[in-house]
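Peer 1: Structure for the following, please:
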Amino acid sequence: MNLPFHIARRYLFAKKSTNAVNWITGISALGVLVGTAAMVVVLSAFAGLDNLVRSFYTSFDPDIKITPAEGKFAVWNDSLESIVFSFDYVETTSQVVEDKALFRFREREYIAQIKGVDANYQAVSQIDSFIIRGKYLNPESADPTAVFGSGVASFIGLRSLETMDPVHVYVPKMGSVDRINPMGNVRFQLIYPSGFFQIQPEFDTKYVFVSQSYAQRLFGLNPDKVSGIEIRLAPKTDLEDAVEDLQEKMGEEWVVKNRDDLQVSIFKVLKSEGLITFLVLTFILIVASFGILSSVNILILEKRKDLHTLWSMGATEKLLRRIFMAEGLLISLGGASIGFILGLVIVLLQKHVGLLAMGSGYIVEYYPVEIRMADMLQILATILIVGLSISWLAVRRLKVSGLSQN
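Peer 2: Numbering: from 1, shown residues only. Model (predicted):
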């Protein structure tokens, strides 16, 4: 057995001459325990929230989306399609035409994103599985029908699918401006609801789905013009590698983005919040660990006779420092081990039993948690670094000649 750790273990569990050492050691270990448990619980909560948010976007956003580098619309032809399908991991593509439009129903108006989709869109997105009333549209039908987000429908007062009144859709004309007749600057179409979908408020209050041909007529586009190509990849395909491959082949006229790139602001906020929280908890852990410094210093004074004895027997000051560094590590890692296990138990109970409920009106019943190996390794590394640093601070100036034997 390693000599410094063997002696340090004996010192840790040996009877102390004063209860103050025991109290300080216990409080120090308790502080590390609580700090470690908090780290495990909080980082698992952020991981669960991240997974929950990603699940919303996974059901709506494609694996990869290709958009024009300049302008809102661009020509998409068979040669570009063949480039995309030259990669084995590309399973399906869907052409979309989208832009903002003004929706007016009776006396109420609302601006939303109109999204024209083709027959392949259901294979790229799971939008049809979120229909709460009515049915998904038939993109190949000539009927002017649309699937409204529940939020959009609520804003314009559209509550029934059997309404005889159409929804008026207005978009500005591209090109010249008619100063004499203002309505000459606007394109206008009628549309009827075929269904309502509900995913989450960000999507429900933003999108209205129509057929690709309807959107092209509304925006005055040729049939070969699109605003983007949405792609579904084969399972287990590396998204970053796929984006690099496609971007290289598509050239500078097109921009290739993966699902995270499409919602980069959301994921940056989640990542930043998680990092800030981790740094705050690390600072709390450092403050809690300073009790270890006091505990080790008091123990050094208490064991000064033992130090002189070991020094007389040939022990170097380096070895003596290592003994009390090991003492500090044992206190730190002892509290951290119990805190780590306690944190895991709390997370597992939350995940499988449900300790903290979200309340009524939320998408999930219980607060989501997820144990990620990378987070756990980060916590363990932080604890080890903090423990080593505090222990080193406690013994860095230890000199046997400076200790009185009396």
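
Peer 1: which parts of the host helix or strand of residue 378 are buried?
Peer 2: Secondary structure assignment for residue 378, by DSSP states H and E: helix 373-395. Residues 375-376, 379-380, 382-383, 386-387, 390-391, 393-395 are the ones in helix 373-395 that count as buried (16 or more other CB atoms under 10 Å). For the C-beta atoms, the positions are set from N, CA and C on the backbone; glycine is no exception.

Peer 1: what does stretch 290-298 give?
Peer 2: For stretch 290-298, a neighbour-count test (16+ other CB under 10 Å) marks 291-298 as buried.

Peer 1: From those residues, pick the one nearest residue 160.
Peer 2: Ranked by distance to residue 160 (CB to CB), the buried residues of stretch 290-298 are led by residue 291 at 66.6 Å.

Peer 1: Spit out the contact partners of residue 390.
Peer 2: The contact partners of residue 390, by CB atoms under 8 Å, 6 or more residues apart in numbering, come to 286, 289-290, 292-293, 328, 332.

Peer 1: Setting aside sequence neighbours, what's the nearest residue to it?
Peer 2: Using CB to CB, 6 or more residues apart in numbering and skipping residues adjacent in sequence, the residue nearest residue 390 is residue 289, 4.6 Å away.

Peer 1: cool, and residue 218?
Peer 2: Closest to residue 218 by CB to CB, 6+ apart is residue 189, at 5.0 Å.

Peer 1: Let's verify that neighbour: helix, strand, or coil?
Peer 2: When classified by DSSP: H, G, I helix; E, B strand; the rest coil, residue 189 comes out as strand.

Peer 1: what does the one 10 residues further on give?
Peer 2: On the three-state scheme (three-state DSSP), residue 199 is labelled coil.

Peer 1: What is the burial count for the closest residue to it other than its chain neighbours?
Peer 2: Residue nearest to residue 199 in three dimensions, not counting chain neighbours: residue 130, with 5.0 Å by CB to CB, 6+ apart. If you count neighbours by other CB atoms under 10 Å, residue 130 ends up with 21.

Peer 1: just residue 143 next, same as before
Peer 2: Using other CB under 10 Å, residue 143 has 11 neighbouring residues.

Peer 1: Phi, psi for it please.
Peer 2: Dihedral pair for residue 143: phi -70, psi 140, per degrees, to the nearest 10.

Peer 1: Next up, the contacts around it.
Peer 2: Contacts of residue 143 (CB under 8 Å, 6+ apart): residue 192.

Peer 1: can you pull out the helices in the protein?
Peer 2: With DSSP state H as the criterion, the chain has helices at 3-13, 19-60, 78-84, 121-124, 150-155, 201-204, 212-219, 239-250, 259-262, 264-302, 304-312, 317-352, 373-395.

Peer 1: Of all these, which one is nearest residue 100?
Peer 2: Among the helices of the chain, helix 212-219 comes nearest to residue 100, with 10.5 Å by CB to CB.

Peer 1: and that closest one, what does it pack onto?
Peer 2: If you count contacts as 3 or more CB pairs under 8 Å, 6 or more residues apart in numbering; DSSP states H and E, helix 212-219 packs onto strand 90-105, strand 108-117, strand 167-172, strand 186-197.

Peer 1: Dump these to JSON lines, plus distance to residue 252 and mean pLDDT.
Peer 2: Formatted as JSON lines, the helices and strands packed on helix 212-219 follow (distance: least, CB to CB, whole Å; pLDDT from 0 to 100):
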{"stretch": "strand 90-105", "distance to residue 252": "20", "mean pLDDT": "93"}
{"stretch": "strand 108-117", "distance to residue 252": "26", "mean pLDDT": "94"}
{"stretch": "strand 167-172", "distance to residue 252": "28", "mean pLDDT": "92"}
{"stretch": "strand 186-197", "distance to residue 252": "31", "mean pLDDT": "91"}
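
Peer 1: Nearest to residue 318, out of those strands?
Peer 2: Of all those, strand 90-105 sits nearest to residue 318, with 62.0 Å by CB to CB.

Peer 1: now the closest one: how far from the chain's centre is it?
Peer 2: Its chain's C-alpha centre and that of strand 90-105 lie 26 Å apart, by CA atoms, centre = their mean, to the nearest Å.

Peer 1: go on, stretch 252-260?
Peer 2: Distance, centroid of stretch 252-260 to centroid of chain: 20 Å (CA atoms, centre = their mean).

Peer 1: for the record, mean pLDDT for it?
Peer 2: Mean pLDDT, computed over stretch 252-260, is 89.

Peer 1: could you list every residue that touches the residue nearest to the spatial centre of the chain?
Peer 2: Closest to where the C-alpha atoms of the chain average out (CA atoms, centre = their mean) is residue 50, at 3.2 Å. Counting by CB under 8 Å, 6+ apart, residue 50 touches 267, 270, 274, 370.
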